[in-house]
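Student: Just the structure for this:
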Amino acid sequence: MRYTTTAVDGVLLVDLEPLTDDRGFFARAFDATEFTRNGLDAHVAQANVSFNHRAGTVRGMHRQIPPHAEGKLVRCTAGAIVDVALDVRPGSPTHGLHVMVELSAANRTALFVPPYVAHGYQTLVDDTEVVYQVSGPYVPGAEQGFRYDDEAFTIVWPLPVTVVSAKDAAWPLAGEQVPR
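Tutor: Presented below is the predicted three-dimensional model:
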């Protein structure tokens, strides 16, 4: 696997290094030893699948608050998304910055989102599936969200937003939140 740093501290692109032959290819999609060597949390507490019917669907921006660390390795297994990692960690050298990257079944790229960084995505095509490997269990009382359309973050989604949950639309704006 190839690891590429991004503009947000701790957020990395993880690309496959396929071994090809006349059958197709084989590649490692996760390796705990390599993750650890690259400074990433290699523990997997759960794996999640999200299926989305319509292009333009937005999920996010979510994170778990301290001390409930939840790093994520996000991969699109059907269709395509733009995935966003937003640094909302108080005191982080990249606080307020975000990374937006296309993940698709075709490019097979994954994005590692470290604990306490908010995460969300928008589907680019209908019938899109996203798989997450998560380093910590989801704790409902420890979830924090940020509005996908908060102008403070300057996230420009590539498509008009067609579907968003009532919960995601109701998160407070950044200026209304207590730092955690």
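
Student: okay, CA-based contacts and neighbour counts for the rest of this
Tutor: OK.

Student: so where's this protein uncertain?
Tutor: Filtered on pLDDT under 70, the chain yields the residue ranges 179.

Student: how about the helices in it?
Tutor: Along the chain, the segments classed as helices by DSSP state H run 32-37, 166-170.

Student: Tell me the buried residues in the shortest one?
Tutor: Looking back up the chat, that one is helix 166-170. Of all the residues in helix 166-170, those buried under the rule 16 or more other CA atoms under 10 Å are Asp168, Ala169.

Student: Next: stretch 5-13.
Tutor: Val8, Asp9, Gly10, Val11, Leu12, Leu13.

Student: Please narrow those residues to those residing in strands.
Tutor: Assignment to strands by DSSP state E places the following of the buried residues of stretch 5-13 there: Leu12, Leu13.

Student: Just name the closest of the buried residues of stretch 5-13 to Gly120, please.
Tutor: Nearest to Gly120 among the buried residues of stretch 5-13: Val11, at 13.4 Å, using CA to CA.

Student: How about the contacts made by the closest one?
Tutor: By CA atoms under 8 Å, 6 or more residues apart in numbering, the residues touching Val11 are Thr5, Ala85, Leu111, Phe112, Val113, Pro114.

Student: Provide a list of residues in contact with the closest residue in space to the fourth one that isn't next to it in sequence.
Tutor: The shortest distance from Phe112 to any residue other than its chain neighbours is 4.5 Å, reached at Leu73 (CA to CA, 6 or more residues apart in numbering). For Leu73, the residues meeting the contact criterion (CA under 8 Å, 6+ apart) are Ala110, Leu111, Phe112, Val113, Tyr132, Gln133, Val134.

Student: For these, give me a markdown table that also has neighbour count and distance to Val161.
Tutor: What follows is the contacts of Leu73, written out as a markdown table (neighbours: other CA atoms under 10 Å; distance: CA to CA, whole Å):
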| residue | neighbour count | distance to Val161 |
| --- | --- | --- |
| Ala110 | 27 | 23 |
| Leu111 | 27 | 22 |
| Phe112 | 23 | 24 |
| Val113 | 27 | 23 |
| Tyr132 | 20 | 22 |
| Gln133 | 21 | 26 |
| Val134 | 25 | 26 |
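
Student: Specify which member of those residues is nearest to Met61.
Tutor: Of the contacts of Leu73, the one sitting nearest to Met61 (CA to CA) turns out to be Val113, at 12.1 Å.

Student: Could you measure from the closest one over to Val164?
Tutor: 21 Å (CA to CA, to the nearest Å).

Student: Now find how far off-centre stretch 3-22 is within its chain.
Tutor: When C-alpha coordinates are averaged (CA atoms, centre = their mean, to the nearest Å), stretch 3-22 and its chain have centres 14 Å apart.

Student: got the CA coordinates for that stretch in PDB?
Tutor: Provided in PDB are the C-alpha atoms of stretch 3-22 (Å, rounded to 0.1, in the frame of the first residue of the first chain):
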ATOM      1  CA  TYR A   3       0.500   6.300   2.000                       C
ATOM      2  CA  THR A   4       0.200   9.900   1.000                       C
ATOM      3  CA  THR A   5      -0.100  12.700   3.500                       C
ATOM      4  CA  THR A   6      -2.600  15.500   3.000                       C
ATOM      5  CA  ALA A   7      -3.000  19.100   4.100                       C
ATOM      6  CA  VAL A   8      -4.700  18.000   7.300                       C
ATOM      7  CA  ASP A   9      -2.400  16.600  10.000                       C
ATOM      8  CA  GLY A  10      -2.900  12.800  10.400                       C
ATOM      9  CA  VAL A  11      -5.200  12.400   7.400                       C
ATOM     10  CA  LEU A  12      -3.700  10.100   4.800                       C
ATOM     11  CA  LEU A  13      -4.700   8.600   1.400                       C
ATOM     12  CA  VAL A  14      -4.100   4.900   1.300                       C
ATOM     13  CA  ASP A  15      -3.700   3.500  -2.200                       C
ATOM     14  CA  LEU A  16      -3.500  -0.200  -3.200                       C
ATOM     15  CA  GLU A  17      -0.400  -1.600  -4.900                       C
ATOM     16  CA  PRO A  18      -2.000  -4.200  -7.100                       C
ATOM     17  CA  LEU A  19      -0.100  -7.300  -8.300                       C
ATOM     18  CA  THR A  20      -1.600  -8.000 -11.700                       C
ATOM     19  CA  ASP A  21      -1.700 -11.000 -14.000                       C
ATOM     20  CA  ASP A  22      -4.100 -12.400 -16.600                       C
END
